[in-house]
Each structure stands twice: as C-alpha cells, then as structure tokens.
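Trainee: Show me the folded form of this:
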Amino acid sequence: MAELVAVCTSEKKGMRKKNVGEGLLVKEHGLEGDAHAGPWHRQVSLLALESIEKMRQAGLDVNPGDFAENLTTSGIELYTLPVGTKLKIGGEILGEVTQIGKECHTHCAIYYQAGDCVMPKEGIFIRVLNGGRVKVGDKIEVTTE
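Mentor: Below is the predicted model:
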C-alpha cells in the first residue's frame, strides 16, 4: 500500500524543502506555512521516493524535499494518475490531481548537477478538497469519493 515518507515545507519559493514529518493541509489552500500554498491549482506537490531513487542512481545525494515537493510518497506511481484522480491521504484528507509534471523555466541546481530532474516529469500537483493533519506513515489510496 502507498504511504507518505516525508512531509516537507519551505518558507520561500525556489528553496529545497525540509522534512518536518507532519503538517496541516488546509482546504483549497495547501500545506500550512509553505511558500507554494494558496488559492490556485498547484496547492500541494507530490513526488515518489522511487523517482528520487532514480536521481540517486544517477550519482546524486538527494533526499525527500530536495525537489521542492511537499509530500514524498512510496508505493504509488504518481505520474501515471490522470488529472482529476482523487487521493485519500490518512483518515480525512482528500486531494484532487490537477497537474502532472511542470515546465521548468529556470533549471534548478539538481538539473545542473545531473543534467536532468525528475520533478518536471514525475511530480504531480493536487488541490486540497478536504483538509486535515498529515504525517509520515499516512496511507494513500486512489478513491472515487
């Protein structure tokens, strides 16, 4: 079963995020205290640990949060989920996939180190339909709610 392996936040955009272990996902806003939260379609970003592992295999010393993702997952192939897919996280959180990948306008430090980056291709974004507390170890499931 899929689960969260990191909950990451940063105070400013353009920074690597720090795994804080838990947080509050606010309905129609995102992760409380995170620079990317707000009333738009990319409220929360997700990246799979399996995607981070691809960059590790390319020789990089990278960890959850280094790609500026809010939630790092394990056991779910995020980038194959169609836009509109609903994800149940933990007991009460419901998110809707709004975007798969993103255009990388200004290449990040990781791109320059490895010549590639997984977030623009394998990261996804959700909007928060129902908020609540989120923490490492929470289960993630695709739902029809």
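Trainee: Give me the distance between the residue of the chain most remote from its centre and Lys17.
Mentor: Each residue of the chain has a distance to the centre, and by Cα atoms, centre = their mean the biggest one is for Gly59: 22.1 Å. As judged by Cβ to Cβ, to the nearest Å, Gly59 and Lys17 stand 22 Å apart. Any C-beta I mention is one placed from the backbone N, CA and C, and that applies to glycine too.
Trainee: re earlier: pLDDT at the residue farthest from the centre of the chain, what is it?
Mentor: If you check Gly59, the pLDDT there is 85.
Trainee: How about the one 3 residues further on?
Mentor: Model confidence at Val62, expressed as pLDDT, equals 87.
Trainee: pretty sure Gly91 contacts Asn130?
Mentor: No: using Cβ atoms under 8 Å, Gly91 is not in contact with Asn130, being 10.4 Å away.
Trainee: where do the helices sit along the protein?
Mentor: Secondary structure of the chain (DSSP state H): helices at 49-57, 109-114, 119-122.
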